[in-house]
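[1] Here you go, sequence then predicted model.
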Amino acid sequence: MESELKNPATRSWLRYALPGLLLLAAAQGWAEPAGAARKAGIYRCEINGKRLTSDRYIPECSQVPQQVLNADGSVKTVVPPTFTTEERADADARDREKEAERARCQEALRRDRNLMARFPNEAAHRKAREAALDDVRTQVRLSETRVKLLLGERKPLLDEAEFYVGKPLPAKLKGQLDANEAALAGQRSAIANQETEVVRINAIYDGELVALRKLWGGAPLGCGGGTSASITVPPKPSAAPR
């Protein structure tokens, strides 16, 4: 062998043939999916109604599963089909959708369990609703009382301002009127927000009640029951200036 390598004709042939042989070997390696070349055995697949068998990975069957057989003909493993870039992207998207659905169902199950633990019956749910509404109604009453006080404070200021009709108001009086007006606006905004909060709380408890009635009636928890997963929580109103 050493003498052949020293032969000028052999060396010349290798110089031109070796790159082609290396490319052929690389192409063969690229044709096989990762790990396939390491699986010893007989490869078998079926494509277009024709069964193919080989002692190595079969490139013609890259888009279908290939069985790797033991010497006795039993199935040793199955090499999955290789995917194009688009097929892999589609498969990844399906996997993400399944994971998102699984997470959604787990969250629905958790919410249903929490609802059942908090409200074993409709009386308990009604009591919780009234407690939540009472807090907001108390705030409304306090704001309304504050508005009445501010209106009472405003009357003598307006009476005094009548002496300056057609004239600039004294700085102190003007400042008192402006401060009173700003305080009134803040309290009226607070009342509007509190009334919106009453609507929001009722909407939450209405949605919970629909879900709970299904659960109390024996509906399965989580996605299968279609219960708390569909509850929409309205956003809280923005805070009003005080």
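    Arrived safely.
[2] what's the distance between stretch 53-69 and the middle of its chain?
    Centroid separation between stretch 53-69 and its chain, computed with C-alpha atoms, centre = their mean, to the nearest Å, is 40 Å.
[3] Now do the same for it: mean pLDDT, whole number.
    The average pLDDT for stretch 53-69 rounds to 91.
[4] how about it: buried residues?
    57-58, 61-62, 64, 66-68 (16 or more other C-beta atoms under 10 Å). C-beta: built from backbone N, CA, C; applies to glycine.
[5] Between the two ends of it, how far is it?
    For stretch 53-69, the first-to-last residue distance is 10 Å (C-alpha to C-alpha, to the nearest Å).
[6] quick revisit: now, among the buried residues of stretch 53-69, which is nearest to residue 78?
    residue 67 (5.6 Å; C-beta to C-beta).
[7] picking that back up, make JSON lines out of the buried residues of stretch 53-69 and add secondary structure.
    Below are the buried residues of stretch 53-69 laid out as JSON lines (DSSP: H, G, I helix; E, B strand; the rest coil):
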{"residue": "57", "secondary structure": "coil"}
{"residue": "58", "secondary structure": "coil"}
{"residue": "61", "secondary structure": "helix"}
{"residue": "62", "secondary structure": "coil"}
{"residue": "64", "secondary structure": "coil"}
{"residue": "66", "secondary structure": "strand"}
{"residue": "67", "secondary structure": "strand"}
{"residue": "68", "secondary structure": "strand"}
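[8] Quick check: which element contains the spatially most central residue of the chain?
    In the chain, the centroid-proximal residue (C-alpha atoms, centre = their mean) is residue 100; its distance is 6.6 Å. Per DSSP states H and E: residue 100 is located in helix 85-118.
[9] cool, residue 204 as well?
    Going by DSSP H and E, residue 204 is part of helix 171-216.
[10] tally of neighbours for residue 118?
    Each residue near residue 118 was counted by other C-beta atoms under 10 Å, and the total is 12.
[11] So it sits against residue 128, correct?
    Yes. Residue 118 is in contact with residue 128 according to C-beta atoms under 8 Å; the separation is 7.3 Å.
[12] ok, now how distant is residue 120 from residue 210?
    Distance, residue 120 to residue 210, using C-beta to C-beta, to the nearest Å: 17 Å.
[13] What ranges in the chain fall below the confidence cut-off?
    1-39, 224-234, 236-242 (pLDDT under 70).
[14] returning to what we had before: the inter-axis angle of the helix holding residue 204 versus helix 85-118?
    Orientation of helix 171-216 against helix 85-118 (axes from the mean of the first three to the mean of the last three C-alpha atoms, to 10 degrees) gives an angle of 90 degrees.
[15] counting contacts, what elements does helix 171-216 pack onto?
    helix 85-118, helix 122-161 (3 or more C-beta pairs under 8 Å, 6 or more residues apart in numbering; DSSP states H and E).
[16] how about the longest one: buried residues?
    For helix 122-161, a neighbour-count test (16+ other C-beta under 10 Å) marks 125, 129, 132, 136, 139-140, 143, 146-147, 150, 154, 157, 161 as buried.
[17] that older thread, and which of the buried residues of stretch 53-69 is nearest residue 79?
    The closest of the buried residues of stretch 53-69 to residue 79 turns out to be residue 66 (C-beta to C-beta; 4.5 Å).
[18] residues contacting the closest one?
    Going by C-beta atoms under 8 Å, 6 or more residues apart in numbering, residue 66 touches 36, 43-45, 57-58, 78-79.
[19] Spatially nearest residue to residue 153 (excluding sequence neighbours)?
    residue 180 (6.0 Å; C-beta to C-beta, 6 or more residues apart in numbering).
[20] Apologies, that question was intended for residue 119.
    Nearest non-adjacent residue to residue 119, counting by C-beta to C-beta, 6+ apart: residue 125, 4.2 Å away.
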